[in-house]
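Trainee: Let me see the structure of the following:
(4 chains)
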Number of protein chains: 2
Amino acid sequence: MSKGDETRHAILTEATAVAAKVGLTGMTIGQLAAHTGMSKSGLYAHFASKEALQIEILRHTRERFVDQVVRPALQAPRGVARLRVLFDAWVTWSETSADGGCLFVAACSELDDQPGPVRDALVRDEHDWLEMIVTVAGTAVSEGEFREDLDLEQFAYELHALTLAHQHSSRLLRDPKALERVRRAFDSLITHAA
Amino acid sequence: MSKGDETRHAILTEATAVAAKVGLTGMTIGQLAAHTGMSKSGLYAHFASKEALQIEILRHTRERFVDQVVRPALQAPRGVARLRVLFDAWVTWSETSADGGCLFVAACSELDDQPGPVRDALVRDEHDWLEMIVTVAGTAVSEGEFREDLDLEQFAYELHALTLAHQHSSRLLRDPKALERVRRAFDSLITHAA
DNA sequence: CCAGTTATAGCACGGTCGTTCTTTTCTGTC
DNA sequence: GACAGAAAAGAACGACCGTGCTATAACTGG
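Mentor: Numbers count the residues shown, from 1 in each chain, chains lettered A, B, ... in the order given. Sure thing, here's the model as predicted:
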């Protein structure tokens, strides 16, 4: 990896952390330059525009998300076990990927009324994520652990709701019981799908 | 109501709509002045600072929330019926209160890592809202419609999760089935609490 | 209707925004 | 170690930010 790619990568990693805290829009080039110890123009030279940087941040985050959440799940045995790993990996991700929690969750309510390519990219990512949940839950159906007539998309909707709720209770309310809450809700979801 | 109070009220109403779209931080005084047809300084004279304006926006939204969501529920008969009215009123609220959906939901992920008085006010509001759900669900327990050993706070957590999910599916994903999804999830929640 | 208050506009401020251009410094190759 | 090319810094741009101050316009109670 050349020097340029190296710093570019470092910038994106730092930018992801900043964006998770202050938002993709709230994040500024100057702020980012200060955080990375670079000059504003030196940093900016790596990207075509702020919007391009925002999209790159999403792409970079997506890659790490696949590594840390999706891949572990695909290595687990099909069915509820895989679903558990997927969920646990997400919880871990939301606590460790950035100081501000899961960037995707934060970006969702920030961009939901801001049309443009950044929003479009995020919507694609969210659809992929929901589809991933549907697929994994589907393995639980075909393994006979979930009932045959389970509405998989409804299940994914409700599971996804828990991730949003967890960010809320853990990051906004700082509820010490946040982890316990989301785990119980997940278990209840699994139970009623059987 | 004097002239001053009148325009102040109009500003807050407009500001609520703008903030629901671009966020409490993303909203700017100039933008707001343009929207209301006032000069920047004329508008600004009604508030001590931008931060004070943000807090006033929350207060103003809270008042309308009580009118449109809480009050109707309290007029409904105790128990599940009241819970249904509360939930339906919230769904209506999220669709009609502002173009950007429920301001509180939007503010939650925007402010979850931004310490300060605005965040503090929001946290208080969210706690009150969760407590409201707990109280109403409690009436369903004492009416014998919900089981005696139901964990009310867990119930409130899961119901609140649905409001977050609805904002996500309806505003970000623009899912035509959003309403149906959240209704089904709500019914399932009610069923399993009985 | 007038006086006194209140509401609004105009203007300016230091600062930061995203962005561009030019110049300097560094990196990798023969 | 010189040289070409890439990477970073410096300086500047117009625009807009939040926030004051000052003057004018609009309201309101007597």
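Trainee: can we go C-alpha only for contacts and neighbour counts from here?
Mentor: OK.
Trainee: Which residue does chain A have closest to DNA strand D?
Mentor: Residue of chain A nearest DNA strand D, by C-alpha to the nearest atom of the strand: A:Gly4 (3.1 Å).
Trainee: Neighbours of that residue, how many?
Mentor: 10 (other C-alpha atoms under 10 Å in any protein chain shown).
Trainee: Quick check: residues of chain A near chain B?
Mentor: Where chain A comes near chain B, counting by C-alpha under 8 Å from any C-alpha of the partner chain, the residues are A:21-23, A:25-26, A:100, A:105-106, A:108-114, A:123, A:154, A:157-158, A:160-162, A:164-165, A:168, A:171-173, A:181, A:185.
Trainee: for chain A, which helix is longest?
Mentor: Using DSSP state H to define each element, chain A has its longest helix at helix A:117-142.
Trainee: now A:Leu189: how far from B:Gln154?
Mentor: 13 Å (C-alpha to C-alpha, to the nearest Å).
Trainee: tell me the contacts of the residue lying closest to A:Ala15 once chain neighbours are set aside?
Mentor: Excluding the flanking residues, the one nearest A:Ala15 by C-alpha to C-alpha, 6 or more residues apart in numbering or on different chains is A:Leu32, at 6.5 Å. By C-alpha atoms under 8 Å, 6 or more residues apart in numbering or on different chains, the contact set of A:Leu32 is A:Glu14, A:Ala15, A:Val18, A:Lys40.
Trainee: The first one touches A:Ala34, doesn't it?
Mentor: No. Using C-alpha atoms under 8 Å, A:Glu14 is not in contact with A:Ala34; the gap is 10.7 Å.
Trainee: Neighbour count for those two, which is higher?
Mentor: Using other C-alpha under 10 Å, the more surrounded residue of A:Glu14 and A:Ala34 is A:Glu14, with 17 against 11.
Trainee: element containing that one, please.
Mentor: helix A:3-22 (DSSP states H and E).
Trainee: Would you indicate which residues of the helix or strand just after that helix are buried?
Mentor: Downstream of helix A:3-22, the first helix or strand assigned by DSSP H and E is helix A:29-36. For helix A:29-36, burial by neighbour count (16 or more other C-alpha atoms under 10 Å in any protein chain shown) applies to A:Ile29, A:Leu32, A:Ala33, A:Thr36.
Trainee: what does the helix or strand bottoming out on mean pLDDT in chain A contact?
Mentor: Counting by mean pLDDT, DSSP states H and E, chain A has its least confident helix or strand at helix A:3-22, which shows a mean of 95. Applying C-alpha under 8 Å, 6+ apart, the contact partners of helix A:3-22 are A:25-27, A:32, A:35-36, A:43, A:46, A:56-57, A:60-61, A:97-103, A:106-107, B:110, B:113-114.
Trainee: For that helix, list every residue counted as buried.
Mentor: Buried positions in helix A:3-22, judged by neighbour count with 16+ other C-alpha under 10 Å: A:7-8, A:11-22.
Trainee: chain center to it: distance?
Mentor: 16 Å (C-alpha atoms, centre = their mean, to the nearest Å).
Trainee: does the residue most central in space within chain A sit in a helix or strand, and which one?
Mentor: Of all residues in chain A, the one closest to the mean position by C-alpha atoms, centre = their mean is A:Phe104, 4.3 Å from it. Secondary structure assignment for A:Phe104, by DSSP H and E: helix A:103-111.
Trainee: which outside residues touch that helix?
Mentor: Here helix A:103-111 makes contact (C-alpha under 8 Å, 6+ apart) with A:16, A:19-20, A:23-24, A:58, A:61, A:118-119, A:122, A:164, A:167, B:22-23, B:105-106, B:109-110, B:168, B:172.
Trainee: Nearest to A:Ala193 among the buried residues of helix A:3-22?
Mentor: Using C-alpha to C-alpha, A:Ala20 is the member of the buried residues of helix A:3-22 that lies nearest A:Ala193, at 32.9 Å.
Trainee: Can you give me the distance of A:Gln167 to DNA strand C?
Mentor: Relative to DNA strand C, A:Gln167 is positioned 25 Å away (C-alpha to the nearest atom of the strand, to the nearest Å).
Trainee: close enough to count as contact, that residue and A:Gly101?
Mentor: Yes. In terms of C-alpha under 8 Å, A:Gln167 counts as a neighbour of A:Gly101; the distance is 6.8 Å.
Trainee: which residues are in contact with both of the two?
Mentor: With C-alpha under 8 Å, 6+ apart as the test, A:Gln167 and A:Gly101 both reach A:Ser94.
Trainee: what does chain A put close to DNA strand D?
Mentor: Residues of chain A lying near DNA strand D by C-alpha under 7 Å from any atom of the strand: A:2-5, A:7-8, A:37-43, A:45-46.
Trainee: Farthest pair within these?
Mentor: Pairwise distances across the residues of chain A next to DNA strand D (C-alpha to C-alpha) peak at 20.8 Å, for the pair A:Ser2 and A:Lys40.
Trainee: between these two, who's got more neighbours?
Mentor: More crowded of A:Ser2 and A:Lys40, by other C-alpha under 10 Å: A:Lys40, with 16 against 7.
Trainee: contacting residues for the more buried one?
Mentor: Counted by C-alpha under 8 Å, 6+ apart, A:Lys40 has contacts A:Ile29, A:Gly30, A:Leu32, A:Ala33.
Trainee: what do you get if the cut-off is 7 Å, keeping everything else the same?
Mentor: Counting by C-alpha atoms under 7 Å, 6 or more residues apart in numbering or on different chains, A:Lys40 makes contact with A:Ile29, A:Gly30, A:Ala33.
Trainee: Just give me the closest of those residues to chain B.
Mentor: A:Ile29 (15.9 Å; C-alpha to the nearest C-alpha).
Trainee: Find the nearest non-adjacent residue to A:Gln75, please.
Mentor: A:Gln75's closest residue in space is A:Arg82 (C-alpha to C-alpha, 6+ apart), at 7.9 Å.
Trainee: How many neighbouring residues does the one you found have?
Mentor: Using other C-alpha under 10 Å, A:Arg82 is surrounded by 20 other residues.
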